[in-house]
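Whatever this is, show me its structure:
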Amino acid sequence: VWTDQNEYTESYSNGSLCDLTNEPRRTRLRYVCSGSYPNENVGVDSGQNRNAAYISAVTELETCIYEVVFVNDAICGHSW
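Below you'll find the predicted structure:
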């Protein structure tokens, strides 16, 4: 799902069973452009992050529900 031209989100469900909730684990994967994600434009002026592709954060939003932020400049300004 494109949320704007600088971010794309995928959701995954039916992961392994969480022993704390007895529900399948879920994950949201966010692909973001380095210039549109807070604190991710460090070094852009010097060219250090151009064509960047890396995992910026992994967060457990709730028990066994995760979010992974993947910075990938390939989506910057995409117009699908």
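
what comes up buried for stretch 70-80?
By 16 or more other CB atoms under 10 Å, the buried positions in stretch 70-80 come out as Phe70, Val71, Asn72, Asp73, Ile75, Cys76. From N, CA and C alone the C-beta is placed, and that goes for glycine too.

How about the contacts made by the first one?
Right, Phe70. Leu29, Arg30, Tyr31, Val32, Ala53, Tyr54, Ile55, Ser56 (CB atoms under 8 Å, 6 or more residues apart in numbering).

doesn't Asn72 make contact with the last one?
No: taking CB atoms under 8 Å as the definition, Ser56 is not a contact partner of Asn72, at 9.9 Å.

So for those two, which residues contact both of them?
The overlap between the contact sets of Ser56 and Asn72 (CB under 8 Å, 6+ apart) consists of Val32.

Now do the helices in this structure.
Counting by DSSP state H, the chain forms no helices at all.

What ranges does it have for its strands?
Per DSSP state E, the chain carries strands over the ranges 2-4, 7-12, 26-32, 53-62, 65-72.

now those as TSV including mean pLDDT and distance to Cys18?
Converted to TSV, the strands of the chain look like this (pLDDT from 0 to 100; distance: least, CB to CB, whole Å):
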stretch	mean pLDDT	distance to Cys18
strand 2-4	62	27
strand 7-12	92	14
strand 26-32	94	9
strand 53-62	94	10
strand 65-72	94	9
